[in-house]
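Colleague: Task: produce atomic coordinates for the following.
(2 chains)
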There are 2 protein chains.
Amino acid sequence: MQIYALLPNAEADASWFFQIKGTEMNDNLTPQALRATIRSGEHRGNTSGYCAGHVQCNIVILPADWANDFLRFCQLNPKPCPLLAMSNKPGDVSLPPLGDIDIRSDVPSYRVFRDGQLRDEIPDISGLWRKDLVTFALGCSFSFEEALLADELEVRNVTEGANVPMYRTNLDCTSAGPYAGKMVVSMRPFKAADAIRAVQICTRFPSVHGAPIHLGDPSLIGIDNLAQPDYGDAVSVLEEEIPVFWACGVTPQVALETAKPPFAITHSPGCMLVTDLRNSQLAVM
Amino acid sequence: MQIYALLPNAEADASWFFQIKGTEMNDNLTPQALRATIRSGEHRGNTSGYCAGHVQCNIVILPADWANDFLRFCQLNPKPCPLLAMSNKPGDVSLPPLGDIDIRSDVPSYRVFRDGQLRDEIPDISGLWRKDLVTFALGCSFSFEEALLADELEVRNVTEGANVPMYRTNLDCTSAGPYAGKMVVSMRPFKAADAIRAVQICTRFPSVHGAPIHLGDPSLIGIDNLAQPDYGDAVSVLEEEIPVFWACGVTPQVALETAKPPFAITHSPGCMLVTDLRNSQLAVM
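Modeller: Coordinates of the predicted model:
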C-alpha cells in the first residue's frame, strides 16, 4: 500500500475545519508568515487549521518527460484533477499564481518515490531538486467544504472529526499516456434539500472538484458498501439522508499507481502547500 | 373539483415541447403577432408550441382587496409562486414588463370564478373588467424545461407526451392572510448525474421555480405513490433514476382553494399569456 501514499491529498485530513470551529484555530498567521516558518524548518507538521480562508494545494512533482502526459491527464479529468497552477518551465521552483513560493522548501513535509515506491519523507527537497522537475498544484476539497460550512450545511466528516470517506468507483478516467485508472470519490451525506444546496455551492468552485458527480445509490458507480471506504474513515449516514459523491484528489494517485513514474515527489498527507489565494477567489461567481 | 381548475397552470400541458421537437412547431409567429390573432378572436386555443423561446405565463386576476395578500403570498413563497409581473395599479389592463399587452383580450381563453366556483369560460373578459382588478403573471415550468431540453437532458413528460405529474406534499407554504396551503410539486425523473445538472440549470432560473426542492425518497415530502399523481399524468421512472421535485405553479391554486375569493379570473389550462420576454432573459447568469 505504499502507492496509496503517492499522492496523499487534502481529503485525508479534515481536522482543519474541525479546529476552525473549535479552540485550536491557527489562522492568526498569514500564508506568507506560515510559509516562512515552514521554509526555516520551524514548522514541519500538518497545515490543518492554518490560514483559514486560504487555498491549500495537493502537490505532485514529476520529471519533465513524465509531466506532459500528467498535464494532459489533469486537463482531461478536471473534476478529480483540478489543476490550479504548474511550473512555468522545468526546474522552476516558483509558482507565481499561488504566492511567493519556493516549492523546494515551502511544503512542511515531502514524500519521495522511485518507481512508485515510497523511499523517503523529508522536510526539504533542495538536495533532490533537478532541472527537469515540473510541479503541479491541485485544488482540494478544503475549499468547497469551507463554502458548505459557511452556508451552515453540516459536513459530516467535520462534525465527526473524521477523515472524509473515499471510494474507488467503476468510472473510468480519460487516460493520457501512461496515466489511467478509475475515479476516486469522496462522500458526504446530506438531506435532499441540503444536497441540492451543496450542488449549487460547489458549482461555484469548479477548480476544487466542482459539483458532485453522483448522488443516491452508491452501487450505480460501483461502490458496494459505504461503511467500508477505500481511503479515509466511514461516517454516519443518517435516516433521510442521501450520500453525495464528489470527484476526489486521490484519483491522480490511482493514475500514478498505473503509470509508475521513475521519480516523483508529493506532499505528505495533511502537509499541504498553503497559498496566498483565497478560497473565495476560486468562486466563478 | 372545480377548484382544481382555479389556477390551471402551465405544467398541465407539456405538449408544447413535444411539438417543438416534432412537426407541429408553430414558432413562426412572433409573440406580438400571436397576441394580435388572439386579441382579434382568430386564435382561441392552446398556446403550446407557439413562440418557442418565449416566456409563457400563468395568469391570476383578483379584486384589489384580495390582491395584496396574494401578492404577499407570492413574495413569501417565491419557488411555487414566481411572480414575473403584476398590474401597476388596480384596473390597469397593461403589463409593460411582458410586452404590449391588454390582459382583457390577450389570453386565448379565460375562466371566471365566483366564490371559488367556476362559472364561465370565455375568450375575452372586457365585459367583466372592473376598476379594482389586479393581474398577476407567474412564471411556469415551460421556461426551465426548455433549458433542460436545450442541454439534451431527457424530460420524461415531454418524451412520453404526457402532462407532468404533480403531487401535493406535506410541506406548508408560508401563509398570507386567507392564502395558505401545502406546496404542490412537479416531478421529473433523472439519472443522478442529470439530476445534478438539472439543479445547475434550474438554479439559473429562479423566476420559473428555480432549483428543485427535493430529490430521492418521495415519502420524505409526504408523497405516498409516484404512480398516482394528484394532478397531471404518471410518467415512467426507470431503473437507476431518482425522482426530482420542483415547486409547482399549481400551489397558488391550493391557496386559492383555501381563500375562496368572491371573484377571480385565470387563464384556461394550456391557454397561457405569451410574452415578449425570452426564456433566456430569465437566466440570472
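Colleague: Can I get stretch A:178-187 in PDB? Just the C-alpha atoms.
Modeller: Taking C-alpha atoms only, stretch A:178-187 is exported to PDB below (Å, rounded to 0.1, in the frame of the first residue of the first chain):
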ATOM      1  CA  PRO A 178       0.700   6.000 -19.000                       C
ATOM      2  CA  TYR A 179      -1.800   7.700 -16.700                       C
ATOM      3  CA  ALA A 180      -5.100   5.900 -16.400                       C
ATOM      4  CA  GLY A 181      -7.500   4.500 -13.800                       C
ATOM      5  CA  LYS A 182     -10.800   4.700 -12.100                       C
ATOM      6  CA  MET A 183     -12.100   7.800 -10.500                       C
ATOM      7  CA  VAL A 184     -12.000   8.000  -6.700                       C
ATOM      8  CA  VAL A 185     -14.800   9.900  -5.000                       C
ATOM      9  CA  SER A 186     -15.300  11.400  -1.600                       C
ATOM     10  CA  MET A 187     -18.700  11.100   0.100                       C
END
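Colleague: Please work out the average pLDDT along that stretch.
Modeller: Across stretch A:178-187, the average pLDDT comes to 96.
Colleague: Could you do stretch A:37-45 as well?
Modeller: If you average the pLDDT over stretch A:37-45, you get 93.
Colleague: now do stretch A:214-234
Modeller: Model confidence over stretch A:214-234, given as mean pLDDT, is 96.
Colleague: Show the end-to-end separation of that stretch, please.
Modeller: The first residue of stretch A:214-234 is 18 Å away from its last residue (Cα to Cα, to the nearest Å).
Colleague: Figure out how far that stretch is from the centre of its chain.
Modeller: Per Cα atoms, centre = their mean, to the nearest Å, the displacement of stretch A:214-234 from the mean C-alpha position of its chain is 19 Å.
Colleague: Could you do stretch A:122-140 as well?
Modeller: On the basis of Cα atoms, centre = their mean, stretch A:122-140 is displaced by 16 Å from the centre of the chain it belongs to.
Colleague: That stretch spans what distance, first to last residue?
Modeller: From the first residue to the last, stretch A:122-140 extends over 22 Å; the measure is Cα to Cα.
Colleague: To which secondary structure element is the closest residue to chain B within chain A assigned?
Modeller: Among all residues of chain A, residue A:199 sits closest to chain B, at 4.4 Å; criterion: Cβ to the nearest Cβ. No exception for glycine: its C-beta is placed from N, CA and C like everyone else's. Taking DSSP states H and E as the criterion, residue A:199 maps to helix A:192-203.
Colleague: before we move on, the earlier item: how many neighbouring residues does the residue of chain A closest to chain B have?
Modeller: Applying other Cβ atoms under 10 Å in any protein chain shown, we find 25 residues neighbouring residue A:199.
Colleague: which residues touch it?
Modeller: A:211-212, B:196, B:199-200, B:211 (Cβ atoms under 8 Å, 6 or more residues apart in numbering or on different chains).
Colleague: Ok, residue A:143 next?
Modeller: For residue A:143, the residues meeting the contact criterion (Cβ under 8 Å, 6+ apart) are A:55-56, A:205, A:208, A:279, A:282.
Colleague: how about the residues of chain A near chain B?
Modeller: The interface of chain A toward chain B, taken as Cβ under 8 Å from any Cβ of the partner chain, is made up of A:192-193, A:195-196, A:199-200, A:203, A:211-217, A:220, A:240, A:242, A:285.
Colleague: Helix, strand or coil: sort out residue A:67 for me.
Modeller: The local conformation at residue A:67, judged by DSSP: H, G, I helix; E, B strand; the rest coil, is helix.
Colleague: Distance check, it against residue B:89.
Modeller: From residue A:67 across to residue B:89, the span is 68 Å (Cβ to Cβ, to the nearest Å).
Colleague: more crowded one of the two?
Modeller: Between residue A:67 and residue B:89, residue A:67 has the larger neighbour count (other Cβ under 10 Å), namely 21 against 9.
Colleague: The more buried one touches residue A:92, doesn't it?
Modeller: No - the pair residue A:67 and residue A:92 fails to qualify as a contact (Cβ atoms under 8 Å) at a distance of 11.8 Å.
Colleague: Which of the contacts of residue A:199 has the largest number of neighbours?
Modeller: Of all the contacts of residue A:199, residue A:212 has the most neighbours under the rule other Cβ under 10 Å, reaching 28 neighbours.
Colleague: now the strands for chain A?
Modeller: Taking DSSP state E as the criterion, chain A carries its strands at A:54-63, A:83-86, A:110-114, A:117-122, A:133-138, A:166-172, A:182-191, A:214-215, A:241-247, A:263-267, A:273-278.
Colleague: In CSV: these, plus mean neighbour count.
Modeller: Compiled in CSV, the strands of chain A are given as follows (neighbours: other Cβ atoms under 10 Å in any protein chain shown):
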stretch, mean neighbour count
strand A:54-63, 25
strand A:83-86, 21
strand A:110-114, 20
strand A:117-122, 13
strand A:133-138, 25
strand A:166-172, 19
strand A:182-191, 25
strand A:214-215, 26
strand A:241-247, 24
strand A:263-267, 23
strand A:273-278, 22
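Colleague: Let me know the pLDDT of residue A:267.
Modeller: According to the model, residue A:267 carries a pLDDT of 88.
Colleague: so it touches residue A:107, yeah?
Modeller: Yes - taking contact to mean Cβ under 8 Å, the distance of 4.8 Å between residue A:267 and residue A:107 places them in contact.
Colleague: Give me the residue ranges of the stretch 1-150 of chain A where confidence is low.
Modeller: Counting by pLDDT under 70, the stretch 1-150 of chain A contains low-confidence residues at A:1-27.
Colleague: Residue A:113 pairs with what?
Modeller: Listed beta-bridge partners, residue A:113: residue A:118, residue A:264 (assigned using DSSP bridges).
Colleague: Same question for stretch A:246-262: list its buried residues.
Modeller: A:246-257, A:259-261 (16 or more other Cβ atoms under 10 Å in any protein chain shown).
Colleague: hey, C-alpha coordinates of that stretch in PDB?
Modeller: Extracted C-alpha coordinates of stretch A:246-262, given in PDB (Å, rounded to 0.1, in the frame of the first residue of the first chain):
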ATOM      1  CA  TRP A 246     -17.500  14.300  -5.300                       C
ATOM      2  CA  ALA A 247     -14.600  13.600  -7.600                       C
ATOM      3  CA  CYS A 248     -11.600  13.300  -5.300                       C
ATOM      4  CA  GLY A 249      -8.000  14.300  -5.400                       C
ATOM      5  CA  VAL A 250      -6.900  10.700  -4.700                       C
ATOM      6  CA  THR A 251      -7.800  10.000  -8.300                       C
ATOM      7  CA  PRO A 252      -4.400  11.100  -9.700                       C
ATOM      8  CA  GLN A 253      -2.800   8.800  -7.100                       C
ATOM      9  CA  VAL A 254      -4.500   5.800  -8.800                       C
ATOM     10  CA  ALA A 255      -3.300   7.100 -12.100                       C
ATOM     11  CA  LEU A 256       0.200   7.400 -10.800                       C
ATOM     12  CA  GLU A 257      -0.200   3.800  -9.500                       C
ATOM     13  CA  THR A 258      -0.800   2.700 -13.000                       C
ATOM     14  CA  ALA A 259       1.900   4.900 -14.500                       C
ATOM     15  CA  LYS A 260       4.800   4.100 -12.100                       C
ATOM     16  CA  PRO A 261       7.000   7.100 -12.900                       C
ATOM     17  CA  PRO A 262      10.700   6.500 -12.000                       C
END
